[in-house]
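**Student:** I would like the atomic coordinates for the input below:
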Amino acid sequence: MVQLVKKIYNKFFSEEKHFVGRLNSVLGFTPAHVHLFKIAFYHKSTINNNLQNNTKNGLFQSNERLEYLGDALLSFVVGEFLFNKYIQADEGFLTKMRSKIVKRKMLNYLAEQMGLDRILMEFNQANLSPSMMGNALEALIGAIYLEKGFIYTRDYILNQLVKKYINIHSLESFDDNYKSQLLEWCQKHMKEINFRVISKSKNDKRDRFKVGVYIDGIEIATAEDFNKKSAEQVAAEIALTQVQT
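**Tutor:** Numbers count the residues shown, from 1 in each chain. Got it, this is the predicted structure:
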């Protein structure tokens, strides 16, 4: 009864009713614990005076803890789904398939399809990066779990994310591990390859990496990202187009 009253208040009378309405379109329900879902959209780099004013109430938090929880839930739910779907598949295949679904690039894509970027822009003064969207999605999953429990969260992940936006069958043969492909190409052609961090800088209080790909000592491609591994993948993708032409 208390939960129902909270939901009615949040939807029709709360100062947050605009945000609650946006959430409803994404989640399919009106949350009782709105503060959890607000935290899900606050990146650690953000500077928000309104949030800082709530420090005494324990609300001044980034979405990192919720992100941690959502990451664990996502990995387990997707792993269980693949285990039941591909009964004859070995561990290697299942691990690769799970990686394709829960990797940062895919999560960024899912978050964009859901419209989370527009909500993020309302909550953060820093420039949005693609990784911030994937982080917010994981945090949102963590918030859903705390609000609705495991069964609802599992169904949400499978029905509203995996089955709605991902073509599982096309993913089976799709390989976007460009670093691995480039390493295989170099091994096949007896080339020496190195990935080097060219520079590391701060952008909106976050580390930003510039990575270079060197084949036989010659710089082939460079790329920048807030995540070192992501920068390596982008640089490897560019390098592949260079060496295969």
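**Student:** and the residue nearest to the spatial centre of the chain, how far from residue 42?
**Tutor:** Centroid check for the chain by Cα atoms, centre = their mean gives residue 134 as the closest residue, at 1.9 Å. Look at residue 134 and residue 42: by Cβ to Cβ, to the nearest Å, they are 15 Å apart. C-beta: built from backbone N, CA, C; applies to glycine.
**Student:** and after the helix or strand of the chain with the lowest mean pLDDT, which helix or strand comes next?
**Tutor:** One helix or strand of the chain scores below all others by mean pLDDT, DSSP states H and E: helix 49-52, with a mean of 45. Downstream of helix 49-52, the first helix or strand assigned by DSSP states H and E is helix 64-85.
**Student:** only C-alpha atoms, please: export that next one in CSV.
**Tutor:** Extracted in CSV, the C-alpha atoms of helix 64-85 (Å, rounded to 0.1, in the frame of the first residue of the first chain):
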residue,chain,number,x,y,z
GLU,A,64,29.4,3.8,-9.9
ARG,A,65,27.9,1.6,-7.2
LEU,A,66,24.7,1.0,-9.1
GLU,A,67,26.8,0.4,-12.3
TYR,A,68,28.7,-2.3,-10.4
LEU,A,69,25.5,-4.0,-9.4
GLY,A,70,24.0,-3.7,-12.9
ASP,A,71,27.1,-5.0,-14.6
ALA,A,72,26.9,-8.2,-12.4
LEU,A,73,23.2,-8.7,-13.1
LEU,A,74,23.6,-8.1,-16.8
SER,A,75,26.5,-10.6,-17.1
PHE,A,76,24.6,-13.3,-15.2
VAL,A,77,21.3,-12.9,-17.0
VAL,A,78,22.9,-12.8,-20.5
GLY,A,79,25.1,-15.8,-19.5
GLU,A,80,22.0,-17.8,-18.3
PHE,A,81,20.1,-16.9,-21.5
LEU,A,82,22.9,-18.0,-23.8
PHE,A,83,23.4,-21.2,-21.7
ASN,A,84,19.8,-22.2,-22.2
LYS,A,85,19.6,-21.0,-25.9
